[in-house]
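Sequence and predicted model, in that order:
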Amino acid sequence: MNYNVKYSRTTFDFDGEEFCNDPMEHGVSVAIGVLSATSARNARFDAGWVALKSSNTSTFKALALITTNVEQLLGVSIPSGSADIMVYHDGNVFDFSSKVVGVIFPSRGEVEVWR
């Protein structure tokens, strides 16, 4: 299996075409990694930047760069329906202006909402 995990010191290190499209067109699985746990919260902006800069990376593919592709490359299997779901207001997961207003926790059977 071919794989490619990219790390970035800043969001602007990523070029959508080089980073994502070129490897994926040749069958390479691509994911965005972080160097520290504190950087994980910004992974969504890195993926959004790749989608913005790339002509062939859809929102769905960009989201996979920080979710399912990471799971696949690390050999982690999260059971379907058990992952937490974030709810955003004023935009989507990639928007700087969006705000998390809720989280659905299927494993606990709970929903938290705040505004």
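Here it is on my side, so go on.

Excluding sequence neighbours, find me the nearest residue to V34.
Excluding its sequence neighbours, the residue lying closest to V34 (CB to CB, 6 or more residues apart in numbering) is A40, at 4.9 Å. For glycine as for every other residue, the C-beta is placed from the backbone atoms N, C-alpha and C.

Distance of the one you found relative to G33?
Between A40 and G33 the computed distance is 10 Å (CB to CB, to the nearest Å).

what does Y88 give?
As for Y88, its distance to G33 is 23 Å (criterion: CB to CB).

For K6, report the pLDDT, please.
pLDDT recorded at K6 is 58.

Could you do F105 as well?
F105 is given a pLDDT of 94.

I'd guessed it sits against D84; true?
Yes: counting by CB atoms under 8 Å, D84 is a contact partner of F105 at 5.5 Å.

where are the low-confidence patches of this protein?
1-22 (pLDDT under 70).

So which residues of it form helices?
In the chain, the helices defined using DSSP state H lie at 16, 22-25, 43-53, 59-65, 68-74.

looking at those helices, which is buried most?
Burial of those is given as mean neighbour count (mean count of other CB atoms under 10 Å); helix 43-53 ranks first at a mean of 21.

Centre of the chain to that helix, how far?
With CA atoms, centre = their mean, to the nearest Å as the basis, the distance from the averaged C-alpha position of helix 43-53 to the chain average is 8 Å.

list the contacts for the most centrally placed residue in the chain?
Nearest to the mean C-alpha position of the chain, by CA atoms, centre = their mean, lies I66 at 2.6 Å. Residues near I66 by CB atoms under 8 Å, 6 or more residues apart in numbering: 31-32, 43-44, 46-47.

so A47 sits right up against K61, yeah?
No: the pair A47 / K61 is not scored as a contact, 9.0 Å apart, by CB under 8 Å.

how about stretch 87-97: buried residues?
Within stretch 87-97, the residues scored as buried using 16 or more other CB atoms under 10 Å are 88, 93-94.

residues in contact with that stretch?
Contacts with stretch 87-97, where a contact means CB under 8 Å, 6+ apart, come from 44-45, 47-48, 51-52, 59, 62-63, 86, 98-104, 113, 115.

Much appreciated, bye for now.
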